[in-house]
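> Below is the sequence, then the predicted model.
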Amino acid sequence: MNETSEMSGSLRKRRLVPEDLASPQLFRLLLRLGLPAMFGLSINAAHHTINMIFVGMIGEDQIAAIMIVLPILMLVAAFGEGIGVGVATEVGRALGAGNRSSASTLASVSLAAGVAFGAASAVAIVAFPSFLLFGATPTIEPLAQHYLLIIAVSIPLTMAQIILDFLAIAEGNARFSMWTLVACFALNIILDPIMIFGFGLGLQGVAMATILSQLVALSIYGAYHARRLGTIRLTFCWRLGDVRHLRPVLAVGAPTTLTSFATAGAIAAMLSVAGTYRGEDGIAGVGIALRLLAVGALPVIGISLGAQSILSFAWGRGDISRVLSATRMLTAVTSAVGGAYGLTAIIFSGHLASFFTDNASVASIAGQAIVATHLPFLLFGLRQTVLILFQAQGRPKAALAVGLAQYGYLLFPLLAFLPPFFGFSGLLAAMFLASSLTGLLSCFCLARSLSALRQSSAGDLTALRPYPSFCP
């Protein structure tokens, strides 16, 4: 009996052990890391979609209120995502170079920094809620403010969960990250209707369901690290001087943080323009389209996160051929997933809009916005692949230039020029053009980078520049 129990416990533990990032079966490794990460973020997308459906049952004003709060939460989470990307890249390189102690110190310091920033952000939000609700109408502002004050409690928890997710994937344990996310979001989906309708808490119930689910996810990660099931050893015993390790983490993660900042600002600007020309129906309709866009983006990002650990590990070992092969595979997979989702959303745009609202005006606006945002989504896989490659190579400036294109230096000039002349149609055109041009830019950069990797892999060092001369 004891022997059987020991064998069962040993089997369970092996299932939680990280993958071998040096495995010669590259495509199998990509699938074993990428698919769990994709599935985990797909559950996240499904959770947000179902959440919006529940909120839509309360009313269109509640949908608009959540969309007004969303950019604030994105701005704060951007710092956590930046640390997550940075520490995952640096930990992957350290593990590839065989330096496990350095990887553990990087992870511990980064987690502490993220939680500290989250706590400070929560205090700032509670102190100045009205100042942060940019673009809210008088009808929406009270709803948004009540939701924001409760969800602020979850911000330190969000920071910790984001960084721990990235660390699990970085050490090759995307499966554990997936199952933790599944548990978190499944619980959130169950709690949403109970809190919203059962206890009659409305939007406040949505926030409380999120907090309870995050506490469960962090408890799972706490047990994972306490039992030392992974490669990384988190510790509180680091010295103040170890804070210097944050510098490379922040440098690599800065493009992700700034891109998320730009995205949050762009969403706020697009919703503000939508409200100017179509009122609260415009905010709700464009919000539905942007939410569906996130549903499609998250699986592609999930596959990329799984591949990031492979690329960073290979780059840390100096294995250029493996970097080239992994990049090609990632390009094919992300393009297929992004293309399939984009086409499906375009074909069924009207049906998708009707899932969120029975208001004919909102559904019509959402249908138009879905088509405008999802046509360029066919190229989103290329953008994500080139960003992951640049991050793995330690090229933050190139990653920043691509990352800021869609919701930064391309979108804002278009928003300033087109809507004043063409009204709401100008907003749709600006969204379409910014995304399309970003896709074309990503295609160019990826082609140049693959060419450089091929030259290096072939050993033609005399013809190889350190990096392509323009990307972008």
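Sure thing, it's come through.
> For the stretch 151-300 of the chain, which residues score under the pLDDT cut-off?
When residues are selected by pLDDT under 70, those of the stretch 151-300 of the chain lie in 238-242.
> ok, 80 please
151, 169-175, 177-178, 200-207, 229-232, 234-256, 259-261, 264, 298 (pLDDT under 80).
> What segments of it are helices?
Here the stretch 151-300 of the chain has its helices, by DSSP state H, counting those that start in this stretch, at 155-170, 174-193, 203-226, 246-317.
> With just CA atoms, put the third one into PDB.
The one in question is helix 203-226. Extracted C-alpha coordinates of helix 203-226, given in PDB (Å, rounded to 0.1, in the frame of the first residue of the first chain):
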ATOM      1  CA  LEU A 203     -20.500  45.200 -10.700                       C
ATOM      2  CA  GLN A 204     -19.200  45.000  -7.200                       C
ATOM      3  CA  GLY A 205     -19.900  41.300  -7.300                       C
ATOM      4  CA  VAL A 206     -17.700  41.000 -10.500                       C
ATOM      5  CA  ALA A 207     -14.800  42.600  -8.600                       C
ATOM      6  CA  MET A 208     -15.300  40.400  -5.500                       C
ATOM      7  CA  ALA A 209     -15.400  37.200  -7.700                       C
ATOM      8  CA  THR A 210     -12.100  38.300  -9.300                       C
ATOM      9  CA  ILE A 211     -10.400  38.800  -5.900                       C
ATOM     10  CA  LEU A 212     -11.500  35.500  -4.500                       C
ATOM     11  CA  SER A 213     -10.300  33.600  -7.600                       C
ATOM     12  CA  GLN A 214      -6.900  35.300  -7.500                       C
ATOM     13  CA  LEU A 215      -6.400  34.300  -3.900                       C
ATOM     14  CA  VAL A 216      -7.000  30.700  -4.800                       C
ATOM     15  CA  ALA A 217      -4.500  30.900  -7.700                       C
ATOM     16  CA  LEU A 218      -1.800  32.400  -5.500                       C
ATOM     17  CA  SER A 219      -2.400  29.700  -2.900                       C
ATOM     18  CA  ILE A 220      -1.700  27.100  -5.600                       C
ATOM     19  CA  TYR A 221       1.500  28.900  -6.600                       C
ATOM     20  CA  GLY A 222       2.500  29.200  -3.000                       C
ATOM     21  CA  ALA A 223       2.200  25.400  -2.600                       C
ATOM     22  CA  TYR A 224       4.200  24.800  -5.800                       C
ATOM     23  CA  HIS A 225       7.200  26.900  -4.700                       C
ATOM     24  CA  ALA A 226       7.000  25.700  -1.100                       C
END
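> Please enumerate residues in contact with it?
Outside helix 203-226, the residues within contact range by Cβ atoms under 8 Å, 6 or more residues apart in numbering are 16, 51, 54-55, 58, 62, 65-66, 143, 146-147, 150-151, 153-154, 157-158, 160-161, 164, 168, 176, 180-181, 183-185, 187-188, 191-192, 194-196, 199, 201, 230, 232-234. Every residue, glycine included, has its C-beta placed from N, CA and C.
> and the helices of the stretch 151-300 of the chain as CSV, adding mean neighbour count and distance to Gly394?
CSV is the format used below for the helices of the stretch 151-300 of the chain (neighbours: other Cβ atoms under 10 Å; distance: least, Cβ to Cβ, whole Å):
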stretch, mean neighbour count, distance to Gly394
helix 155-170, 26, 15
helix 174-193, 21, 22
helix 203-226, 18, 27
helix 246-317, 23, 6
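> Please identify which of these is closest to Pro376.
With Cβ to Cβ as the measure, helix 246-317 is the member of the helices of the stretch 151-300 of the chain nearest Pro376 (9.9 Å).
> Buried residues, the following helix or strand past the closest one. List them.
Next helix or strand after helix 246-317 toward the C-terminus (DSSP states H and E): helix 320-347. If you call a residue buried by 16 or more other Cβ atoms under 10 Å, then helix 320-347 has these buried ones: 320, 322-327, 329-331, 333-335, 337-339, 341-342, 345-346.
> now stretch 401-416
Under 16+ other Cβ under 10 Å, the buried positions of stretch 401-416 are 401-408, 410-412, 414-415.
> residues in contact with Gly342?
Residues near Gly342 by Cβ under 8 Å, 6+ apart: 296, 374-375, 377-378, 380.
> let me redo that: Pro71
Contacts for Pro71 (Cβ under 8 Å, 6+ apart) come out as 134, 264-265, 267-268, 271.
> Could you provide these in JSON lines, with additional columns for distance to Phe432?
Converted to JSON lines, the contacts of Pro71 look like this (distance: Cβ to Cβ, whole Å):
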{"residue": "Phe134", "distance to Phe432": "24"}
{"residue": "Ala264", "distance to Phe432": "20"}
{"residue": "Gly265", "distance to Phe432": "19"}
{"residue": "Ile267", "distance to Phe432": "16"}
{"residue": "Ala268", "distance to Phe432": "19"}
{"residue": "Leu271", "distance to Phe432": "17"}
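> from those, which single one is nearest Gly439?
Ile267 (19.0 Å).
> what's the helix or strand for the nearest residue to the closest one once chain neighbours are set aside?
Distances taken as Cβ to Cβ, 6 or more residues apart in numbering place Pro71 nearest to Ile267, at 5.0 Å, with adjacent residues excluded. Assigned by DSSP H and E, Pro71 belongs to helix 60-96.
> buried sites along that helix?
Applying 16+ other Cβ under 10 Å to helix 60-96 flags 60-96 as buried.
> where's it relative to the chain centroid, distance-wise?
Mean-position distance between helix 60-96 and its chain equals 6 Å (Cα atoms, centre = their mean, to the nearest Å).
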